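Enquirer: Sequence and predicted model, in that order:
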Amino acid sequence: MSRQYSVAVLVGSLRKGSFSRMMALAAAKLAPSSLALHIVEIADLPLYNEDLDGASPPASWTAFRQAVRKSDALLFVTPEYNRSVPAPLKNAIDVGSRPYGQSVFGGKPGAVISQSQGVIGAFGANHHLRQSLVFLDVPVLQQPEAYIGGSAKLFDERGNLTNDGTKDFLRKYLQTFSDWIIRHSPA
């Protein structure tokens, strides 16, 4: 049997009815058996402040760092706020990348799915996030790109993905991501 890779999923939106969370949950259901996707929560992370990052950092920072550290790969699912990533996601990146030289992200294969209710599919957030990931030494899946627009029309009232075209795209995207993880993981 081939190995199953643990994928930490960071969801950029904290909103109760978040389309990004719905998309992340749909991705977890559609992922190939080689991937086990699990959401790592970011809502309770205090804003990063180096003064707090001494011998006893906030417990939520420690738990977050441990969860990401033990994962094999990273999947970011985000909306777009003002042509960038939401503040909670940027804060999670800051928490995970500190203290300097102790980043939990370095070398882990990653992928980005951006979604929006508009037609652009959060293109700006997707690319802005990729800038940070380059600095963090996260080899990010380049193709296919995942900009999913019209998200409000893709889910039913229970949050289930109902659009067959989007389901097919996510299956193919996640299979390609699985291959990417295998190619970029330590032997």
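Expert: Thanks, I have the structure now.

Enquirer: low-scoring pLDDT stretches of the protein, where are they?
Expert: Within the chain, the segments meeting pLDDT under 70 span 1, 187.

Enquirer: again, only this time at 90
Expert: Low-confidence segments of the chain, defined by pLDDT under 90, are located at 1-2, 54-55, 82, 118-122, 185-187.

Enquirer: Buried residues in the longest helix seen in it, which are they?
Expert: Counting by DSSP state H, the longest helix found in the chain is helix 164-184. Buried residues in helix 164-184, counted by 16 or more other CB atoms under 10 Å: 166, 169-170, 173-174, 176-178, 180-181, 184. All C-beta spots, glycine's among them, are computed from the backbone N, C-alpha and C.

Enquirer: ok, of these, which one's closest to Ala146?
Expert: Tyr173 (5.5 Å; CB to CB).

Enquirer: Met132 touches Asn91, doesn't it?
Expert: One thing to correct before we go on: residue 132 is Ser, not Met. No. Counting by CB atoms under 8 Å, Ser132 stays clear of Asn91, with 11.8 Å between them.

Enquirer: residues in contact with the residue lying farthest from the centre of the chain?
Expert: In the chain, Ala55 marks the outermost C-alpha relative to the chain mean, sitting 28.2 Å out by CA atoms, centre = their mean. Listed by CB atoms under 8 Å, 6 or more residues apart in numbering, the contact set of Ala55 is empty.

Enquirer: Is it in a helix, a strand, or coil?
Expert: Look at Ala55: counting by DSSP: H, G, I helix; E, B strand; the rest coil, its state is coil.

Enquirer: And it, how close does it get to Thr62?
Expert: 11 Å (CB to CB, to the nearest Å).

Enquirer: what separates the spatially most central residue of the chain from Lys90, distance-wise?
Expert: When CA atoms, centre = their mean is applied to the chain, the residue found nearest the centroid is Phe76 (1.5 Å). Per CB to CB, Phe76 is found 11 Å from Lys90.

Enquirer: how many other residues sit next to Asp44?
Expert: 13 (other CB atoms under 10 Å).

Enquirer: likewise the one 4 residues further on?
Expert: Tyr48 sits with 19 neighbouring residues when counted by other CB under 10 Å.

Enquirer: so it touches Gly96, yeah?
Expert: No. Here Tyr48 lies out of contact with Gly96, judged by CB under 8 Å, at a distance of 9.4 Å.

Enquirer: What segments of this protein are helices?
Expert: 19-30, 59-69, 87-97, 123-135, 164-184.
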